[in-house]
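S.K.: my questions are about this predicted structure, shown below with the sequence.
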Amino acid sequence: MKSVLKIFNVSMPLRDESMLHTLTAEDGVWTSVERQVGEGLPDPELVPVDRWDGVGPESGRTLCLDAEGKAVLPALADAHMHLDKAFSLPKVGNVSGTLAEAIANYSSAVPAFSKEELRARIMRSALQAISCGTTAIRTHLDFHVRHGREVAMRAIEAALEVKEELAPYVSMQLFPMLPCYDLSEEALEAGAEALRMGATGVGGAPHISPLPEPDIDKLFALADRMGCPIDVHTDESDNPNIRTAAYVARKTMAYGWAGKVTVGHLCSLAAMPDEDAGEIIGLLAEAGIGAVTLPGANLYLQGRSDPFPVRRGVTRVRELLAAGVPLAAASDNIHDPFHPFGKGDLLQIGLITAYAAHMGSPADIRAVLRMISEHPATVMGLTGRGIEPGNDADFVLFDASTPEELFAMVPERRWVWRQGRCLKTAGSRADWRLPVLAHHWEDASERISFRKKG
Ligand SMILES: [Zn+2]
């Protein structure tokens with residue numbers, strides 16, 4: 001007995017804005033996406049989504065919802081988070097507000113974090129992202145082997161537990177950040193162990209190494225040995241001479257790894273002359289590398305040592321898109337020493353991207369929507385996420401009707417679906433439809449404090 005979900009009067013900003021649509025899913029899979037011809041469909045069975053209680057469709061039944069012109073996007077994908085660090089700010093401060101102090105303070109605090117605490121932070125921040133419409137997350141994880149293997153593995157074990165518990169609701173990819181200040185044989189072996197335990201790919205931040213190129217070689221060799229993708233923090237610096245992105249691109253071409261390598265940040269591209277940046281962007285495009293901009297964290301962290309005029313630190317968004325590089329906008333850090341703000345809301349990140357990259361024309365606004373939905377799926381190697389027959393019915397419905405309204409209002413009210421099942425309605429702050437999610441939310445939230453303790 002199939003359960004059928006039909007949603008009428010849906011606006012589809014990334015598909016065709018000239019008409020409203022009717023979407024149909026059977027047993028959690030899209031079966032049709034139709035343009036509506038003529039006036040709406042008066043139907044006594046039609047329930048306005050605003051008045052729907054979030055229940056159903058049940059087996060053997062058809063649920064007909066009226067979206068009343070609200071906009072739908074494929075469920076969002078956050079290509080770069082740090083779930084293990086989220087909500088750590090009350091315990092780990094950052095007086096200077098610099099990246100260097102954030103790295104130093106966090107790394108010395110790591111041994112004091114129990115696996116239970118890390119687990120609660122990962123759970124809470126993942127649920128926070130889901131509540132905003134995200135159903136796929138790539139998280140980087142700190143991996144401080146210098147504090148001993150047991151400490152390094154805590155974040156991996158905690159993240160693997162949360163990944164398994166939330167598997168029906170969100171796809172999580174885990175990238176341990178191999179320590180590029182000291183990329184020893186022991187560290188590489190620990191990284192291989194994390195991958196055998198279930199981590200997704202190799203991470204790191206080679207631009208902070210005194211010898212970035214040999215470290216990049218080692219990261220590629222590890223990914224080759226383990227048969228996994230790479231996602232490196234790249235050139236998160238205002239120094240225009242930091243250019244590891246070019247080396248990563250050449251390595252990617254040498255290995256023939258188009259689609260397997262991701263670079264995040266790329267701040268130095270914004271500090272160098274147009275011609276030099278153009279050359280590096282050309283290499284990234286040629287290599288088939290995915291890129292991620294983290295505009296919230298970089299507007300906050302970069303430019304700290306500049307006298308006025310102060311650089312903004314956000315990479316060259318428009319140029320990367322024009323070159324055909326799949327460029328995602330992502331959350332990065334949430335309420336931690338790297339970035340005190342944020343809540344895992346990709347619409348908020350899209351708005352910050354639009355400000356930082358001067359993107360506000362109708363075409364720009366739609367390009368930014370792709371940076372939080374379609375491009376991150378490409379970067380993360382995810383398929384079958386669009387609103388098309390045959391794909392899972394993962395989507396988010398916003399209380400706004402056009403892309404312009406989405407960014408003007410950044411509506412809190414959203415309905416989030418995964419495989420045709422509503423996870424959260426727009427009713428209240430955390431109106432989880434499933435008791436298991438409400439339980440996880442309360443449980444993890446109890447451990448999270450926004451007050452500085454003792
Ligand atoms: Zn990061």
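M.R.: Received, thanks. Values in this document were obtained by computation on a predicted structure and should not be read as measured data.

S.K.: for the rest of this, base every contact and every neighbour count on C-alpha atoms.
M.R.: Will do.

S.K.: what's the closest non-adjacent residue to the one residue sitting closest to the centre of the chain?
M.R.: The residue lying closest to the centre of the chain (Cα atoms, centre = their mean) is Asp78, at 1.3 Å. Computed as Cα to Cα, 6 or more residues apart in numbering, the closest residue to Asp78 that is not its neighbour in sequence is Ile137, at 4.8 Å.

S.K.: SS state for that neighbour?
M.R.: strand (DSSP: H, G, I helix; E, B strand; the rest coil).

S.K.: sorry, back to before: any idea how far Leu89 is from the residue nearest to the centre of the chain?
M.R.: 21 Å (Cα to Cα, to the nearest Å).

S.K.: quick check: domain ranges of the protein?
M.R.: Domain assignment for the chain, taken from automatic domain parsing, gives 4-74+389-440, 76-379.

S.K.: mean pLDDT lowest where, among the ones you listed?
M.R.: Looking at these, the lowest mean pLDDT belongs to domain 4-74+389-440 (a mean of 92).

S.K.: quick check: end-to-end length of it?
M.R.: End-to-end for domain 4-74+389-440, by Cα to Cα: 28 Å.

S.K.: any idea how far it is from the middle of the chain?
M.R.: 22 Å (Cα atoms, centre = their mean, to the nearest Å).

S.K.: strands of the stretch 201-350 of the chain, start to end?
M.R.: Taking DSSP state E, counting those that start in this stretch, the strands of the stretch 201-350 of the chain run over residues 202-204, 230-234, 261-265, 290-293, 327-329.

S.K.: got TSV for those, with distance to Ala129 and mean neighbour count too?
M.R.: Output for the strands of the stretch 201-350 of the chain, formatted as TSV (distance: least, Cα to Cα, whole Å; neighbours: other Cα atoms under 10 Å):
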stretch	distance to Ala129	mean neighbour count
strand 202-204	21	27
strand 230-234	20	25
strand 261-265	19	26
strand 290-293	17	28
strand 327-329	14	30
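
S.K.: would CSV of those with distance to Gly69 be doable?
M.R.: Output for the strands of the stretch 201-350 of the chain, formatted as CSV (distance: least, Cα to Cα, whole Å):
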stretch, distance to Gly69
strand 202-204, 42
strand 230-234, 38
strand 261-265, 36
strand 290-293, 31
strand 327-329, 26
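
S.K.: how are the helices of the stretch 101-250 of the chain distributed by residue range?
M.R.: 115-131, 149-165, 185-197, 212-226, 244-255 (DSSP state H, counting those that start in this stretch).

S.K.: tell me which of these is the most buried.
M.R.: Mean neighbour count (mean count of other Cα atoms under 10 Å) peaks for helix 115-131 among those, with a mean of 24.

S.K.: residues contacting it, please?
M.R.: Residues outside helix 115-131 that contact it (Cα atoms under 8 Å, 6 or more residues apart in numbering): 83-87, 135, 137, 154-155, 157-159, 161-162, 169-170, 343-345, 416, 424, 430, 437, 440-441, 443-445, 447-448.

S.K.: if you count neighbours, what's buried in stretch 416-426?
M.R.: Within stretch 416-426, the residues that count as buried by 16 or more other Cα atoms under 10 Å are 416-426.

S.K.: re earlier: quick one: closest of the domains of the chain to Lys452.
M.R.: domain 76-379 (4.4 Å; Cα to Cα).

S.K.: now do the end-to-end distance for the closest one.
M.R.: Start-to-end, domain 76-379 (Cα to Cα) is 13 Å.

S.K.: and if you look at stretch 337-351?
M.R.: 22 Å.

S.K.: what's it in contact with?
M.R.: 76, 78, 88-89, 92-94, 97-99, 102-103, 105-106, 125, 128-129, 132-134, 295-297, 300-301, 329-331, 333-335, 368-369, 371-372, 406-407, 410.

S.K.: just the buried ones from these, in ChimeraX syntax?
M.R.: Burial among the contacts of stretch 337-351 is assessed by 16+ other Cα under 10 Å; the matching ChimeraX selection reads:
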select :76,78,88,89,92,93,94,97,98,99,102,105,106,125,128,129,132,133,134,295,296,297,300,301,329,330,331,333,334,335,368,369,371,372,406,407,410
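
S.K.: could you list which of the contacts of stretch 337-351 belong to helices?
M.R.: Taking DSSP state H as the definition of helices, these contribute 99, 102-103, 105-106, 125, 128-129, 295-297, 300-301, 368-369, 371-372, 406-407.

S.K.: let me have the helices of the stretch 101-250 of the chain in TSV, extended by distance to Gly290.
M.R.: Listed next are the helices of the stretch 101-250 of the chain as TSV, based on distance: least, Cα to Cα, whole Å:
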stretch	distance to Gly290
helix 115-131	22
helix 149-165	23
helix 185-197	21
helix 212-226	16
helix 244-255	10
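
S.K.: if I look at the closest residue to Val151 other than its chain neighbours, how far off is Thr244?
M.R.: Here the nearest residue to Val151 in space, its sequence neighbours aside, is Pro111; by Cα to Cα, 6+ apart that works out to 6.1 Å. Distance of Pro111 to Thr244, computed by Cα to Cα: 30 Å.

S.K.: now do the buried residues in stretch 131-146.
M.R.: For stretch 131-146, by 16+ other Cα under 10 Å, it's 131-145.

S.K.: nope, stretch 436-443 is what I was after
M.R.: So for stretch 436-443, counting by 16+ other Cα under 10 Å, buried means 437-438, 440-441.

S.K.: thank you, goodbye.
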